[in-house]
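1. fold the following.
(one chain, ligands or ions: 2)
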Amino acid sequence: MTDTDAGALADRVREGDLRLYELEEHADADVAAAARRLLVEEQSGADLGTTGEYAFPAADAEPNVENMTGAVQIPVGVVGPVEIDGGAISGERYLPMATTEGALLASVNRGCAALNDAGGAGARVLKNRMTRAPAFRVADVAEAEALASWARDNVDALREAAESTTGHGELREVTPYVVGNNVYLRFAYDTKDAMGMNMATIATEAACAVVEEETPAHLVALSGNLCSDKKPAAVNAVEGRGRTVAADVTVPRDVVERTLKTTPEAVAEVNTRKNLVGSAKAGALGFNAHVANSVAAMFLATGQDAAQVVEGANAITTAERREGDLYVSVTLASLEVGTVGGGTRLPTQAEALDVLGVRGGGDPPGSNGDALAEAVAVAALAGELSLLSALASRNLSSAHADLGR
Ligand SMILES: CC(C)(COP(=O)([O-])OP(=O)([O-])OC[C@H]1O[C@@H](n2cnc3c(N)ncnc32)[C@H](O)[C@@H]1OP(=O)([O-])[O-])[C@@H](O)C(=O)NCCC(=O)NCCSC(=O)C[C@@](C)(O)CC(=O)[O-]
Ligand SMILES: NC(=O)C1=CN([C@@H]2O[C@H](COP(=O)(O)OP(=O)(O)OC[C@H]3O[C@@H](n4cnc5c(N)ncnc54)[C@H](OP(=O)(O)O)[C@@H]3O)[C@@H](O)[C@H]2O)C=CC1
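-> Residues are numbered from 1 along each chain as shown. Ligands and ions are numbered 1, 2, ... in the order given. Have a look, this model is predicted:
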């Protein structure tokens, strides 16, 4: 790449000869990104020198971004290694987390220390269903009822159409919802190691063609928001979406006192009054302290779709005294993760998946996706333990004053 190449390309955009998004058709992806930086620098006065210093060929990111100018670098660290006794992942693992929030990794790391002193964390995937719910228009409620019945009776035909588009996805359920003359069919797939939103969308479009052929229904929108993707929604909390996954631990009293600087009773009280009662009064969907922190940091590190932190934070934390010790669990209802596809193929994200030992397709398919979900749940559990403890011992603000400013 030379500046002249990028400069000449930028000139063609200035002259109206090329659109900003057409540059890859006329130069390699790195030159195209450099030309865009020139144009953005000129228009904004910003210096994009650091944005342009990325460590992979821009062409590798072509499936992941349009109008690329470079890459954002987010600090990444690890917590652990933490002992995990999961259904799909077991043994000691470092957990990679990317964030700009000082004190976050220290906190989750402290939680991991407590988990290790307690003999490790348990974790299990409880359900695996990625959903897409198209919206259909029908004439009236009688036709709506008929469509809902038809869908229940014709799951095999819908499955055949949907699964013709994918070698890995399996259609497991089709659940109809009726609102007046609107019908939503919530298609639920086992997407194996893929997060599965592209896969489920393509498969559902094929199934919708059958619905339109066989019934009077008119497809209004392939996504009708009952899916529900990238929005806070009770349907995901109740029915689940992606992986429903839980992690738990019983922390001996002496570990709570030594590592977490508090008592089982104090943590249980904070959890009840904050995570349960406080969240209820707030009208929250997530009844937890900061599950979003662990989910977001692991999503960024491992190439997940960042917008789906919305559903990932849909979690309930429980804490109770158990024979003088502290039992804590966290259940994430709708954790959308994958180890193939999306951002997982980018170089640093793939390296983070290697740290966990879950890059690519699992054997059997789906096992790597399950393992990643369990690792995220354990990070969330560690974060909950540590933050609840910090609140119980009244050192939240001092911790952030020391580490986060
Ligand atoms: C900061 C601590 C951990 C200190 O906690 P401490 O108990 O004073 O620390 P310590 O020096 O005694 O060390 C205990 C263990 O913590 C870990 N640890 C300790 N320091 C580090 C460090 N620098 N880097 C990595 N790990 C660290 C480490 O595992 C260490 O064990 P060791 O290895 O020494 O045997 C504690 O005060 C804490 O966890 N505070 C809570 C902070 C927190 O959870 N922040 C999360 C973000 S808050 C937020 O975003 C959401 C919020 C709060 O608004 C949500 C809501 O409304 O609740
Ligand atoms: N389309 C949409 O509406 C939305 C898209 N997204 C984006 O979708 C992307 C994620 O979609 P997703 O479908 O996960 O990924 P991809 O679109 O990257 O597709 C992944 C493909 O990998 C193949 N594959 C290979 N090995 C495996 C395996 N072991 N398990 C499962 N699949 C395997 C499958 O092909 P095959 O199916 O042929 O078997 C699968 O369809 C992200 O970039 C996200 O940002 C996010 C939200 C909405």
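
2. quick check, pLDDT for the residue nearest to Phe136 when sequence neighbours are not counted.
-> Spatial nearest neighbour of Phe136, chain neighbours left out: Ala217 (4.1 Å); criterion: C-beta to C-beta, 6 or more residues apart in numbering. C-beta: built from backbone N, CA, C; applies to glycine. The per-residue pLDDT reported for Ala217 equals 98.

3. from now on call the first residue 14
-> I'll keep to 14 as the first residue from here, and by that count the last item is Ala230.

4. tell me if the lengthiest helix in the chain is near ligand 2.
-> For the chain, the longest helix by residue count, based on DSSP state H, is helix 380-405. No. Judged by C-beta under 6 Å from any ligand atom, helix 380-405 stays clear of ligand 2, getting no closer than 7.1 Å.

5. quick one: distance of that helix to the chain centre.
-> Taking C-alpha atoms, centre = their mean, to the nearest Å, one finds the center of helix 380-405 at 14 Å from the center of the full chain.

6. residue contacts, the residue in the stretch 14-163 of the chain positioned nearest to ligand 2?
-> In the stretch 14-163 of the chain, the residue that lies nearest ligand 2 is Asn77 (6.7 Å; C-beta to the nearest ligand atom). By C-beta atoms under 8 Å, 6 or more residues apart in numbering, Asn77 lies in contact with 355-356, 359.

7. which of those residues fall within helices?
-> Per DSSP H, the contacts of Asn77 never map to helices.

8. excluding covalently adjacent residues, which one is nearest to whichever residue of the chain sits closest to ligand 2?
-> Across the chain, the shortest distance to ligand 2 (C-beta to the nearest ligand atom) belongs to Gly354, at 2.5 Å. Sequence neighbours aside, Ala207 is the residue nearest to Gly354 in space, at 4.7 Å (criterion: C-beta to C-beta, 6+ apart).

9. run a quick neighbour tally on the one you found.
-> By other C-beta atoms under 10 Å, the residues close to Ala207 number 25.

10. on the strand side of things, show who it bridges to.
-> Val353 (DSSP bridges).

11. any idea how far Glu114 is from it?
-> From Ala207 across to Glu114, the span is 29 Å (C-beta to C-beta, to the nearest Å).

12. same thing with Glu35?
-> From Glu35 to Glu114 the distance is 38 Å (C-beta to C-beta).

13. okay if I get the contacts of Asn77 as JSON lines plus pLDDT, distance to Ala175 and neighbour count?
-> Output for those, formatted as JSON lines (pLDDT from 0 to 100; distance: C-beta to C-beta, whole Å; neighbours: other C-beta atoms under 10 Å):
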{"residue": "Gly355", "pLDDT": "96", "distance to Ala175": "20", "neighbour count": "21"}
{"residue": "Gly356", "pLDDT": "97", "distance to Ala175": "25", "neighbour count": "21"}
{"residue": "Leu359", "pLDDT": "96", "distance to Ala175": "29", "neighbour count": "19"}
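
14. what residues does the stretch 214-363 of the chain have near ligand 2?
-> 214, 242, 318, 351, 353-355.

15. neighbour-wise, which of these leads?
-> Gly351 (28 neighbours).

16. show me what the helix or strand where Ala213 lies is packed up against.
-> Assigned by DSSP states H and E, Ala213 belongs to helix 210-227. Secondary-structure packing of helix 210-227 (3 or more C-beta pairs under 8 Å, 6 or more residues apart in numbering; DSSP states H and E): strand 134-145, helix 154-166, helix 168-176, strand 183-192, strand 195-203, strand 231-234.

17. hmm, back to that, residues in contact with the residue nearest to Gly354?
-> For Ala207, counting by C-beta under 8 Å, 6+ apart, the contacting residues are 181-182, 351, 353-355, 382.

18. cool, Gly237 as well?
-> 146-149, 195, 197.

19. per-residue pLDDT, it?
-> On the pLDDT scale, Gly237 gets 98.

20. for the closest residue in space to it that isn't next to it in sequence, grab phi and psi.
-> Nearest in space to Gly237, with sequence neighbours left out and distances taken as C-beta to C-beta, 6+ apart, is Ala148 at 2.9 Å. In terms of degrees, to the nearest 10, the main-chain angles of Ala148 are phi -100, psi 130.

21. number of nearby residues for Ala148?
-> 20.

22. same check on Asp203?
-> Neighbour number of Asp203 under other C-beta under 10 Å is 17.

23. give me the distance between the closest residue to it other than its chain neighbours and Leu345.
-> Using C-beta to C-beta, 6+ apart and skipping residues adjacent in sequence, the residue nearest Asp203 is Glu183, 4.5 Å away. The gap separating Glu183 from Leu345 is 22 Å, by C-beta to C-beta.

24. pretty sure the residue of the chain closest to ligand 2 contacts Met208?
-> Yes. Using C-beta atoms under 8 Å, Gly354 makes contact with Met208 at a distance of 6.7 Å.

25. so what's the residue count around Pro76?
-> 11.

26. Glu183 and Leu345: which is more packed in?
-> Higher neighbour count among Glu183 and Leu345: Leu345, with 31 against 17, using other C-beta under 10 Å.
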